[in-house]
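[1] quick one, structure for this:
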Amino acid sequence: MSDDALEPDARAYDARLLRRMIGYLRPYKWRVALALLLLFAGAALELAGPYLTKVALDRAIPERDAALLTRLVAFYVGALVLAFATEYLHTLLTTWLGQRVMFDLRTEVFAHLQRLSLRYFDRNPVGRLMTRVTNDVEQLNEAFSSGLVTVFGDVFTVLFILGLMLQLNWRLALVTFTVLPLVAVTTFTFRGLIRTAYRDIRVRLARINAFTQEHVSGLRVVQLFGRERPVMESFKQVNADHLEAHLRSITYYALFFPVIEVLTAVALALILWYGGGETIQGAMTVGVVAAFLQYTRRFFRPIQDLSEKYNILQGAMAASERIFELLDTEPEVRDAAEPLRLPEPGRGEIEFRDVWFRYDDEGEWVLRGVSFVARPGERVAIVGATGAGKSTIISLLMRFYEPSRGEVRFDGVPIHRVAVAELRGRISLVLQDVFLFSEDVASNIRLGDEGISDEAVRQAAVRVGADRFVQRLPGGYAQPLGERGLSLSVGERQLVSFARALAFEPLVLVLDEATSSVDSELEAQIDEALAELMRGRTSLVIAHRLSTVQSADQILVLHHGELRERGTHGELLRQGGLYSRLHELQFVRSSGG
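    The predicted structure follows:
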């Protein structure tokens, strides 16, 4: 599916979206009211200058009234000072509103992302989601600080000037307004062009973010296979598409504003032609013509601003549609309306009852009628070829996904009736691909749980042997690990992940290929720690290397999503089935037998 298909279409106006956007201003309604009051005052002050000019030209100067002229100048200066103050306060207030709304919305989006199911992230690249949290929210900030509120000021100014021009001389006002149809045609024409270009900019920006995130994350592979040049050429093409869309929008703006300026000049010329003729005949005063010339300048400026704010608004509509689409995405894995509680203190029994699963409704079955029981304190190993469904069993146990059919139980309670947080609080999971955060060692072990003391962190590290290398780090447990913990070796990262699992004192321990990347010396060290750790805990161990599961109480053999064999290591070898063949491939042939 193309990025264009994944991106919602930009809309110029959508009442539903606009109401929802304005809803984020509700907590700050008094500040919004003050901003509108300042805008109203600023629009009124816009009328003062030209009107004072009219009075000066028609009364003070012809009558040589110096006192009146002085008062008019003082009023003019006072109006300018007040206009400056209202503009300053209004800008300060609307910018504050935009920043507060951006803070609230970004917090809401990030919190919602953490609640979404893994299937959503399977379908949406990280770069696109980064665009939602950063660029799209920033676009809404611009709308709140420069669009939604300030547009009322432009509307007030236009309406006030229209009313005052009609009051001063309705005939000259109608002559001036003859250019408005041309302004409308120009605005609507360029609006469509700019809207299309703007949507292209947003789509291409999402592509750049997705491409950059993916290839920076996979930079080692790119460098390993010497693919820097092809990747660079691909990035240049994506970047060039983004540049082309931006240049197109700039071109439209470069044409639009001069056209409006020309139409403004035409309106001024009409005022001079008609108003000058009326003045020569004595039907109009010079002050009225001068006021009209100033009002016309001020009349077209908000129209230009409204056109620009229209583009900000339609950009905000496009951004809000994408953000609200994300916020409206319901997690596929949700807590029941009245969740059941797991027994206390708990036994750690796991049961799969005729579980079927596939990732897509029309896709192939990944698990087919899998049933087994892991009894409390038992060590259960799950083996099989790649793609047999081993890791899927773990994902269903952790409720990353829901079974398509069947049921998973924890201590006799169906896990789809248990709150996700409570279920996962009983289980510690160690994956093959260890993910560490850029924080220090202690933070990576406790993961923000202040209930885990520094001593508990150190004891967990000691029990898996991680304390030995942590003490050698310059900062010890306070040593920052850098992005994804790349300052540590693969084995050291896995030891930290083991310490993390132990620190939470789980009832059930799940190891998904957890020792596959550890050398033999570290593996022996980890096995020694795990043997003590697993005593009294239910353990599920997924492994390709059969040497790590030979002591398991029960071994489950998966093949094409079906549970084909089960038993101890000795029992399965005597059966001469799948496990026996896997054992022969790994041990007999590898030793040259």
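
[2] domains for the protein, by residue range?
    Under the assignment automatic domain parsing, the domains of the chain span 13-327, 350-426+506-588.

[3] isn't residue 483 up against residue 438?
    Yes. Using CB atoms under 8 Å, residue 483 and residue 438 qualify as a contacting pair, with a distance of 5.1 Å. In this view, the C-beta of every residue, glycine as well, is placed from N, C-alpha and C.

[4] residue 268 and residue 187, how far apart?
    Separation of residue 268 from residue 187 (CB to CB, to the nearest Å) stands at 19 Å.

[5] so between residue 483 and residue 438, which is more surrounded?
    For residue 483 and residue 438, the more surrounded residue by other CB atoms under 10 Å is residue 438, and the numbers stand at 14 against 10.

[6] in a markdown table: the domains of the chain, plus mean neighbour count, distance to residue 451 and mean pLDDT.
    Shown next, in a markdown table, are the domains of the chain (neighbours: other CB atoms under 10 Å; distance: least, CB to CB, whole Å; pLDDT from 0 to 100):
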| stretch | mean neighbour count | distance to residue 451 | mean pLDDT |
| --- | --- | --- | --- |
| domain 13-327 | 17 | 20 | 81 |
| domain 350-426+506-588 | 18 | 12 | 83 |
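
[7] okay if I get the ones you listed as JSON lines plus distance to residue 460?
    Supplementary listing: the domains of the chain in JSON lines, determined by distance: least, CB to CB, whole Å:
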{"stretch": "domain 13-327", "distance to residue 460": "24"}
{"stretch": "domain 350-426+506-588", "distance to residue 460": "10"}
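
[8] hey, where'd the helices end up in the stretch 201-350 of the chain?
    In the stretch 201-350 of the chain, helices defined by DSSP state H, counting those that start in this stretch lie at 219-224, 228-270, 276-280, 286-327, listed in chain order.

[9] what's the closest of those to residue 98?
    Smallest distance to residue 98 across those (CB to CB): 10.8 Å, for helix 286-327.

[10] what is the orientation angle of the closest one with helix 228-270?
    Angle between the axes of helix 286-327 and helix 228-270 is 150 degrees (criterion: axes from the mean of the first three to the mean of the last three CA atoms, to 10 degrees).

[11] which strands and helices sit next to the following helix or strand past helix 286-327?
    Heading C-terminal from helix 286-327, the first helix or strand you meet, by DSSP states H and E, is strand 350-357. Other elements packing on strand 350-357 under the criterion 3 or more CB pairs under 8 Å, 6 or more residues apart in numbering; DSSP states H and E are strand 367-374, helix 390-397, strand 405-410.

[12] try it again with 6 Å
    strand 367-374, strand 405-410 (3 or more CB pairs under 6 Å, 6 or more residues apart in numbering; DSSP states H and E).

[13] the longest one pairs with which strands?
    The reference is to strand 367-374. Applying DSSP bridges, strand 367-374 is found paired with strand 350-357 (antiparallel).

[14] run the angle between the strand it pairs with and helix 390-397 for me.
    Note on geometry: by the same axes, to 10 degrees, strand 350-357 and helix 390-397 are set 110 degrees apart in direction.

[15] angle of strand 350-357 against strand 405-410?
    Comparing the axes of strand 350-357 and strand 405-410 via the same axes, to 10 degrees yields an angle of 160 degrees.

[16] confirm residue 154 sits in a helix?
    Yes. Residue assignment for residue 154, taken from DSSP: H, G, I helix; E, B strand; the rest coil, places it within a helix.

[17] in this structure, spot the helix with the most residues.
    helix 66-115 (DSSP state H).

[18] so for residue 164, which of the helices and strands packed on strand 350-357 sits nearest?
    Each of the helices and strands packed on strand 350-357 was scored for nearness to residue 164 using CB to CB, and the closest is strand 405-410 (73.7 Å).

[19] picking up where we left off before, for residue 138, which of the helices of the stretch 201-350 of the chain is the nearest?
    With CB to CB as the criterion, residue 138 lies closest to helix 286-327 of these, at 8.4 Å.

[20] now do that closest one: distance to the chain's middle.
    Centroid separation between helix 286-327 and its chain, computed with CA atoms, centre = their mean, to the nearest Å, is 28 Å.

[21] residue contacts, residue 540?
    Under the criterion of CB atoms under 6 Å, 6 or more residues apart in numbering, the contact list for residue 540 reads 380, 510.

[22] beta partners of it?
    Note on residue 540: beta-bridge partners residue 380, residue 510, judged by DSSP bridges.

[23] same deal with residue 555?
    Beta-bridge partners for residue 555, by DSSP bridges, are residue 381, residue 567.

[24] and it, how far from residue 506?
    Distance of residue 555 to residue 506, given as CB to CB: 22 Å.

[25] same question, residue 282
    When distances are taken as CB to CB, residue 282 and residue 506 turn out to be 97 Å apart.

[26] give me the contacts around stretch 28-42.
    With CB under 6 Å, 6+ apart as the contact definition, stretch 28-42 has outside contacts at 25, 86, 89, 90, 93, 94, 97, 149, 152, 153, 156.

[27] redo that, cut-off 7 Å
    By CB atoms under 7 Å, 6 or more residues apart in numbering, the list of residues contacting stretch 28-42 from outside reads 25, 83, 86-87, 89-90, 93-94, 97, 100, 149-150, 152-153, 156.

[28] now for these, which pair is the farthest apart?
    In the contacts of stretch 28-42, the most distant members under the criterion CB to CB are 83 and 100, with 25.9 Å between them.
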